[in-house]
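Novice: this one's sequence-less:
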């Protein structure tokens, strides 16, 4: 309890109003004259001037390809690109930058494992386990891999509260299990998955574990070696960084045994008429010219998050989601999906009786409130829940309690429009 009080005291000192000044887009008004209330952070986050300036400075002062040129610009560009790998490794607690592979997004990082580990090594009778609440990016690749290889896809269910059923998951594990691929936090339900527990159980039967951490790395402290996961994937654009860059962490021993799934320049050691050998880690998985400016932008984003403090960010989101849960729960006909506020991340997916999710999102936009509407790339989960779509509000370090109130008022206004 003392630790909780300490973190909460630090949260009180977090100056959100000052932080918001770093985000130019938050100062704008929409075409209808309404101030922007941006609550679509689970889809993508806004960018501070520190990230924008870092990328702009690269293009103005350093722009050159990496790993190739020995002139000054090329060497400076390569140095910054390598430092971005080192910064990511530090941020998530990896053993070294050799375990950090840059991809174009989280989806590509997940597909890299599906192709290089799953498609190449699985065979008929092998099993892959995912959960019912996976995003399509961690669902569809394993559907396809199992279809092609003849492996069996097993799906761990969720509880009525919208959390992973650990007992059912444990019963699915067997000596035939080769890969467990699960989200760290549901982008619909807001519920967390204990990656350390999932990994420990999987390792008992000799399986490797891939964690989709797109919705967790931006919001809480991450320590991959402590969780013992073999692979972990996330995106830069969901953590204040630019689009076009994602990360795959892989345990060195796992990456070393895997073959690349993209081939071409930079990922090779030597090429002859008869064959090729691969570059050292992590470059053997980074074929072609990489997203250099985006890597530099991600570096700047991580520095920004570290300056704010990941513990403070988590506590701030806890407060916001608690306030939002209480505010929305008072609205007649509104149902919130997933576990209670004290067991979820900083997002709420909900439906309002009598209003389609897309209509609701449109009416909220009229009030300046930006949210997400649809199946959130989780159709199997939606089918399980018996609904087609929901409206989702998601929070981040620059959101305020006043914006939560604006959300609640906008939903109530929508009900009035529909005469509910």
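Specialist: Right, received. Where do you want to start? These numbers were taken from a predicted model, which means no experiment stands behind them. Numbering: from 1, shown residues only.
Novice: from here on, contacts and neighbour counts on C-alpha atoms
Specialist: Noted.
Novice: three-state assignment of residue 32?
Specialist: Following DSSP: H, G, I helix; E, B strand; the rest coil, residue 32 is assigned to coil.
Novice: nearest residue to it other than its sequence neighbours?
Specialist: Nearest non-adjacent residue to residue 32, counting by CA to CA, 6 or more residues apart in numbering: residue 366, 7.4 Å away.
Novice: go on, residue 93?
Specialist: Nearest residue to residue 93, sequence neighbours excluded (CA to CA, 6+ apart): residue 223, at 4.8 Å.
Novice: got it, and residue 241?
Specialist: Spatial nearest neighbour of residue 241, chain neighbours left out: residue 298 (4.8 Å); criterion: CA to CA, 6+ apart.
Novice: now the element after the host helix or strand of that neighbour, going C-ward?
Specialist: Residue 298 belongs to helix 292-308 when elements are defined using DSSP states H and E. The helix or strand immediately downstream of helix 292-308 is helix 310-329, counting by DSSP H and E.
Novice: that following helix: how far from the chain's middle?
Specialist: 18 Å (CA atoms, centre = their mean, to the nearest Å).
Novice: that older thread, what helices or strands is the helix holding residue 298 leaning on?
Specialist: Secondary-structure packing of helix 292-308 (3 or more CA pairs under 8 Å, 6 or more residues apart in numbering; DSSP states H and E): helix 49-57, helix 72-92.
Novice: buried sites along that helix?
Specialist: Residues of helix 292-308 classed as buried: 292-305, 308 (neighbour count, 16 or more other CA atoms under 10 Å).
Novice: angles on the backbone of the residue nearest to residue 32, please.
Specialist: The phi/psi pair for residue 366 (degrees, to the nearest 10) reads phi -60, psi -30.
Novice: thinking again about what came up before, residues contacting the helix holding residue 298, please?
Specialist: Contact with helix 292-308 is made by 48, 50-52, 54-55, 58-59, 65-66, 77, 80-81, 83-85, 87-88, 91, 102, 236, 239-245, as judged by CA atoms under 8 Å, 6 or more residues apart in numbering.
Novice: I'd like to know which of those residues are buried.
Specialist: For the contacts of helix 292-308, buried by 16+ other CA under 10 Å: 48, 50-52, 54-55, 58, 65-66, 77, 80-81, 83-85, 87-88, 91, 102, 236, 239-245.
Novice: what about residue 287, how many neighbours?
Specialist: A count of nearby residues for residue 287, using other CA atoms under 10 Å, gives 18.
Novice: make residue 1 into 40 and carry on from there
Specialist: In the new numbering, first residue 40, that becomes residue 326.
Novice: what's the distance between it and residue 142?
Specialist: 10 Å (CA to CA, to the nearest Å).
Novice: what's the answer for residue 131, then?
Specialist: To residue 142, residue 131 is 16 Å away according to CA to CA.
Novice: ok, these two, which is more surrounded?
Specialist: Taking other CA under 10 Å, residue 131 and residue 142 do not tie; residue 142 has more neighbours (26 against 17).
Novice: what bridges to the more buried one?
Specialist: Beta-bridge partners of residue 142, counted by DSSP bridges, are residue 285.
Novice: check the closest residue to residue 392 other than its chain neighbours and give its pLDDT.
Specialist: Among residues not flanking residue 392 along the chain, residue 372 sits closest, at 5.0 Å (CA to CA, 6+ apart). pLDDT for residue 372: 97.
Novice: repeat for residue 47
Specialist: pLDDT, read off for residue 47, is 38.
Novice: mind telling me what element residue 301 is part of?
Specialist: Going by DSSP H and E, residue 301 is not part of any helix or strand.
Novice: swap that for residue 193, please
Specialist: Element membership for residue 193 (DSSP H and E) is strand 191-195.
Novice: for that strand, which residues meet the burial criterion?
Specialist: Those would be 191-195, for strand 191-195 by 16+ other CA under 10 Å.
Novice: ok, stretch 263-271 next?
Specialist: 263, 267-271.
Novice: these two touch, right, residue 224 and residue 231?
Specialist: Yes: taking contacts as CA atoms under 8 Å, residue 224 lies within contact range of residue 231: 4.3 Å.
Novice: residues that sit against both of those two, list them.
Specialist: Common neighbours of residue 224 and residue 231, counting by CA under 8 Å, 6+ apart, are residue 384.
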